[in-house]
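*Asks:* This is a predicted model, with the sequence first.
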Amino acid sequence: MNQLKSREPGSVALPGTLSSSLRAELIAFRRDLHMHPELGNQEFRTTAAVKDRLEAAGLAPRVLPAGTGLVCDVGTWDRERPMLAIRADLDALPIPDVKTVAYRSTVPHRAHACGHDVHTTTVLGAGLVLADLDRQGLLPNAVRLIFQPAEEVLPGGAADAVEAGVLDGVGRIIAVHCDPKVDAGRIGMRHGPITSACDRLEITLDGPGGHTARPHLTTDLVTAAARIAVDVPAVLARRVDARSGLSVTWGRIESGHACNVIPQHAALSGTVRCLDLATWREAPDLVHAAVDEIATLHRAKSTITYVRGVPPVVNDPAVADLLTEAMTARRGPYAIEDTEQSLGGEDFSWYLEHVPGAMARLGVRAPGDTTRRDLHAGDFDVDEHAIQVGVELFTAAALIDAAPRP
């Protein structure tokens, strides 16, 4: 238990608040990233911008082996207690930016519509503040900054970052994700699962085809595809605990070219999402069995491609409490709200296969704004006050985690 734990909520005077000049710099940095979005594994400009700013602060960032993404330690590791890691993701999305703002994307059909520019800026800002505290002798242990590429590219750049050794010496890891349903100045928190597992499913069906006047003499692939689309989710719902939240949702069904010809080929693709880690591990076998059964019933030959995406993010209670304590120290207990589990996927989960960690939902909605906004939409934007909140949350968490234990 650290020395700050016994203080009254909201009464902890921690260093590491932002100066007005740094706030302005970080907003400008975020807007620059927003104007120059880069897709997964192509974040060369973004990586260079982060690297240059960290080096200007006297730090020594290391670019990851693939050429995008970087890792940087702030302070001196005491090699007794593992470091706390703070993670950001760098990549944008392949959708157009439709906002009318001065910092609108300058790259056609590319946009920071998930808030990764904010994530990157908050972790950068935390690194700059922590570096200044370290120079003052106020940082008891090193903190690792991880800026990973390709979060939006299954199975996610986090797995490559882990393979590159970014967790060596790390004991716990934290992150935030923008949430347009939470007001800026607040965070959403929960223990346990906070995002869903997300896998990709591709199915092809083949048969001899024939005339629609004689479906009994051939394989009716249109009907087979329709039954798979309807029955696979229904079958799975009766083979797993409903609380696991296993869900198959289709995004594409294709078959046929003429109204009177039974086709020889059909295809379906969709996603498999799951709220429970144990059920996610069983999902490929369960899905294969359900598809095979229905395809066989309709005499269709099936080929299944099941692409592993990401497991669910499961917040470790102790690390979630660290983020709660940090936010309470900065802004009081009323700046924290309970949050629901999302069915969206997040590759932060790959880090949690190795070390305990937690993710908070960073409020980015302007207080009083009643407009309904969502992630992955071309008009997505944030209240930039959230940047300061994220920086101060991360710095408080780092100081509390690194504080000497009695």
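*Replies:* Sure thing, it's come through.

*Asks:* Could you look up the SS state of residue 49?
*Replies:* Secondary structure state of residue 49, per DSSP: H, G, I helix; E, B strand; the rest coil, is helix.

*Asks:* same question, residue 394
*Replies:* helix.

*Asks:* where does the spatially closest residue to it that is not a sequence neighbour land in three-state SS?
*Replies:* Using Cβ to Cβ, 6 or more residues apart in numbering and skipping the chain neighbours, the partner closest in space to residue 394 is residue 126 (3.7 Å). Backbone N, C-alpha and C define where each C-beta goes, glycine included. Recorded secondary structure, residue 126: helix (three-state DSSP).

*Asks:* And for residue 202, the neighbour number?
*Replies:* Other residues lying near residue 202 total 14 when counted by other Cβ atoms under 10 Å.

*Asks:* Quickly list what it is bridged to.
*Replies:* Assessed by DSSP bridges, residue 202 has beta-bridge partners residue 269, residue 305.

*Asks:* what's the distance between it and residue 390?
*Replies:* Using Cβ to Cβ, to the nearest Å, residue 202 is found at 37 Å from residue 390.

*Asks:* Over to residue 193?
*Replies:* Distance, residue 193 to residue 390, by Cβ to Cβ: 22 Å.

*Asks:* between the two, who's got more neighbours?
*Replies:* Each of residue 193 and residue 390 has its neighbours counted (other Cβ under 10 Å); residue 390 has more, 29 against 20.

*Asks:* Please save the CA atoms from whichever strand or helix holds the more buried one in PDB.
*Replies:* Using DSSP states H and E, residue 390 sits within helix 385-402. Included here for helix 385-402 are C-alpha records, laid out as PDB according to Å, rounded to 0.1, in the frame of the first residue of the first chain:
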ATOM      1  CA  HIS A 385      -9.800  20.100 -22.300                       C
ATOM      2  CA  ALA A 386      -9.700  16.300 -22.200                       C
ATOM      3  CA  ILE A 387      -6.000  16.400 -23.100                       C
ATOM      4  CA  GLN A 388      -5.100  18.100 -19.900                       C
ATOM      5  CA  VAL A 389      -7.300  15.700 -17.900                       C
ATOM      6  CA  GLY A 390      -5.500  12.700 -19.500                       C
ATOM      7  CA  VAL A 391      -2.100  14.100 -18.900                       C
ATOM      8  CA  GLU A 392      -2.800  14.800 -15.200                       C
ATOM      9  CA  LEU A 393      -4.500  11.400 -14.800                       C
ATOM     10  CA  PHE A 394      -1.400   9.600 -16.100                       C
ATOM     11  CA  THR A 395       1.100  11.700 -14.100                       C
ATOM     12  CA  ALA A 396      -0.900  11.200 -10.900                       C
ATOM     13  CA  ALA A 397      -1.000   7.400 -11.500                       C
ATOM     14  CA  ALA A 398       2.700   7.300 -12.200                       C
ATOM     15  CA  LEU A 399       3.500   9.200  -9.000                       C
ATOM     16  CA  ILE A 400       1.200   7.200  -6.800                       C
ATOM     17  CA  ASP A 401       2.500   3.900  -8.300                       C
ATOM     18  CA  ALA A 402       6.100   4.900  -7.900                       C
END
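
*Asks:* Centre of the chain to that helix, how far?
*Replies:* Centroid displacement of helix 385-402 relative to its chain, using Cα atoms, centre = their mean, to the nearest Å, is 19 Å.

*Asks:* Check which helices and strands it is in contact with.
*Replies:* Here helix 385-402 touches helix 20-35, strand 83-89, helix 116-135, strand 170-183, helix 317-331, strand 357-365, going by 3 or more Cβ pairs under 8 Å, 6 or more residues apart in numbering; DSSP states H and E.

*Asks:* how about these in TSV, adding mean pLDDT?
*Replies:* Formatted as TSV, the helices and strands packed on helix 385-402 follow (pLDDT from 0 to 100):
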stretch	mean pLDDT
helix 20-35	97
strand 83-89	98
helix 116-135	97
strand 170-183	97
helix 317-331	97
strand 357-365	97
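
*Asks:* From residue 192, how far out is residue 243?
*Replies:* Counting by Cβ to Cβ, the gap from residue 243 to residue 192 is 12 Å.

*Asks:* what about these two, which has more around it?
*Replies:* Between residue 243 and residue 192, counting by other Cβ under 10 Å, residue 192 is the more crowded of the two (15 against 9).

*Asks:* State the pLDDT value of the more buried one.
*Replies:* Predicted confidence (pLDDT) for residue 192: 92.

*Asks:* State the distance from it to residue 338.
*Replies:* Distance of residue 192 to residue 338, computed by Cβ to Cβ: 12 Å.

*Asks:* Residue 308 too?
*Replies:* Relative to residue 338, and taking Cβ to Cβ, residue 308 is found at 30 Å.

*Asks:* cool, residue 178 as well?
*Replies:* Taken as Cβ to Cβ, the span from residue 178 to residue 338 is 18 Å.

*Asks:* the more surrounded of these two?
*Replies:* residue 178 (24 against 8).

*Asks:* quick one, what contacts that one?
*Replies:* Residue 178 makes contact with 114-115, 118-119, 361-362, 364, 375, 382, 386, according to Cβ atoms under 8 Å, 6 or more residues apart in numbering.

*Asks:* Rebuild those residues as TSV, extending it with neighbour count.
*Replies:* Listed next are the contacts of residue 178 as TSV, based on neighbours: other Cβ atoms under 10 Å:
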residue	neighbour count
114	22
115	25
118	25
119	25
361	22
362	25
364	29
375	17
382	23
386	28
